[in-house]
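Q: Fold the following and give me the result.
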Amino acid sequence: MIFFSLFFNALILNQFNMKKIFFVSFLFQFIILFSQKNTRIYYEKNRDTITYYADNQELFPVSFVFSAQPELENMNKPEAFKMTQVLPSKSLKNKIAYFVVNDKTKRWAVKKMPGYLIYIGDITLKTYDSGYVYDLPFPKGKSFNVYQGYNGKFSHQNENSIDFSMPEGTEILAAREGLVVDLVKHNNSGCAEINCANQANYITILHPDGTFAQYYHLKQNGVLVNIGDQVKKGDIIGLSGNTGWSNGPHLHFVTYLSDSKGDKLRTTLKTLFRTGNGSKTEFVSEKKTYSKNY
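A: Predicted coordinates:
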């Protein structure tokens, strides 16, 4: 059986008055409203100074990438304007820039603040814990085949993702500890065509080193965690399924760093796993079966 998978990276597109999240993957795009209160830019005026701030009330960092420098009239920038700025999660009043009047006797203004893109995650992050050893994402005593591995020929071209072939309803365990930042659980259908891509159930977890993991194709109501939950390695987080762009029951597992470049807006990562009785550490390979006895 051949498994096809479509997985999404989140890009928030915002040019001051646009509040939408664009989930982009391959050739497919979905749009949902993004609450204005979650991220916003605003300014405060204090005598001869205008200061711009940004709030990020999301559970994850976000990266603002500005398209140009601000256009000023009779004002100066005491500090260089950074084209890329990262806002920590759950943070308020992050200073983006401030401008000071040159000559108070003349007209002065911020003529134009540049448009910007907002990416989920810290796109400046280039280093991570590459030696971290993940647990296989299924229970002790189980064995499953890796039908499609890194750079697979079907849907993993140029992508470090793994498809574990497994029956629907198999318990899915967190391969690493982290924070649940996104999920979908209501879908109950799937097919081998791209038009089913938006029907997948999944969980996204943010790891302590800034990487993300996604667990895809879960069954309807097979998400057993909530957004904001802190999960430990080995916690049961879901039940496998066959939802979304898929023609057979399996679990798609991928870890990545957010990236502002490329069609998928992420850099997928190879992950080391404990296999067998837990004494062996390795990168799993396509067409091989792996047992978990720890």
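Q: Any stretches of the stretch 51-200 of the chain with poor pLDDT?
A: 151-157 (pLDDT under 70).
Q: partners of the helix or strand hosting Ala213 in the sheet?
A: In this assignment (DSSP states H and E), Ala213 forms part of strand 212-223. Paired with strand 212-223 in the same sheet, following DSSP bridges, are strand 201-206 (antiparallel), strand 236-240 (antiparallel), strand 250-258 (antiparallel).
Q: List the contacts of the first one.
A: Applying Cβ atoms under 8 Å, 6 or more residues apart in numbering, the set of residues contacting strand 201-206 from outside is 7, 59-60, 121, 174, 176, 178-187, 212-220, 222-223, 225, 231, 237-238, 241, 243-244. (Each C-beta comes from the backbone N, C-alpha and C, glycine too.)
Q: rerun at 6 Å
A: 60, 178-185, 187, 212-216, 218, 223, 237-238, 243 (Cβ atoms under 6 Å, 6 or more residues apart in numbering).
Q: And Val225, which helix or strand is it part of?
A: Using DSSP H and E, no helix or strand contains Val225.
Q: ok, Leu251 - contacts?
A: 164, 166, 240.
Q: does it have beta-bridge partners, and which?
A: Here Leu251, judged by DSSP bridges, has bridge partners Phe164.
Q: any idea how far it lies from Leu136?
A: 10 Å (Cβ to Cβ, to the nearest Å).
Q: Repeat that for Lys232.
A: With Cβ to Cβ as the criterion, Lys232 and Leu136 are 15 Å apart.
Q: Assign the closest residue to Pro137 other than its chain neighbours to helix, strand or coil.
A: With sequence-adjacent residues excluded and distances taken as Cβ to Cβ, 6 or more residues apart in numbering, Pro137 is closest to Ala175, at 4.5 Å. Three-state call for Ala175 (DSSP: H, G, I helix; E, B strand; the rest coil): coil.
Q: what's the burial count for Ala175?
A: 25 (other Cβ atoms under 10 Å).
Q: Also Ile162?
A: 28.
Q: Excluding chain neighbours, give the residue nearest to it in space.
A: Ile162's closest residue in space is Phe253 (Cβ to Cβ, 6+ apart), at 4.9 Å.
Q: before we move on, the earlier item: what sits against the residue nearest to Pro137?
A: With Cβ under 6 Å, 6+ apart, Ala175 has these contacts: 134-135, 137.
Q: so where do the strands sit in the stretch 51-200 of the chain?
A: 62-66, 71-73, 75-76, 84-87, 91-101, 109-112, 116-120, 133-135, 143-148, 161-165, 171-173, 178-184, 190-191 (DSSP state E, counting those that start in this stretch).
Q: need these in JSON lines with distance to Ser291, can you?
A: As requested, the strands of the stretch 51-200 of the chain are arranged in JSON lines below (distance: least, Cβ to Cβ, whole Å):
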{"stretch": "strand 62-66", "distance to Ser291": "40"}
{"stretch": "strand 71-73", "distance to Ser291": "62"}
{"stretch": "strand 75-76", "distance to Ser291": "65"}
{"stretch": "strand 84-87", "distance to Ser291": "41"}
{"stretch": "strand 91-101", "distance to Ser291": "44"}
{"stretch": "strand 109-112", "distance to Ser291": "60"}
{"stretch": "strand 116-120", "distance to Ser291": "35"}
{"stretch": "strand 133-135", "distance to Ser291": "13"}
{"stretch": "strand 143-148", "distance to Ser291": "4"}
{"stretch": "strand 161-165", "distance to Ser291": "12"}
{"stretch": "strand 171-173", "distance to Ser291": "14"}
{"stretch": "strand 178-184", "distance to Ser291": "25"}
{"stretch": "strand 190-191", "distance to Ser291": "27"}
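Q: distance from the centroid: which residue in this structure tops it?
A: For the chain, the residue at maximal distance from the C-alpha centroid (Cα atoms, centre = their mean) is Thr105, at 49.0 Å.
Q: hang on, the earlier thing: for Lys232 and Leu136, indicate the residue with more neighbours.
A: Higher neighbour count among Lys232 and Leu136: Leu136, with 24 against 10, using other Cβ under 10 Å.
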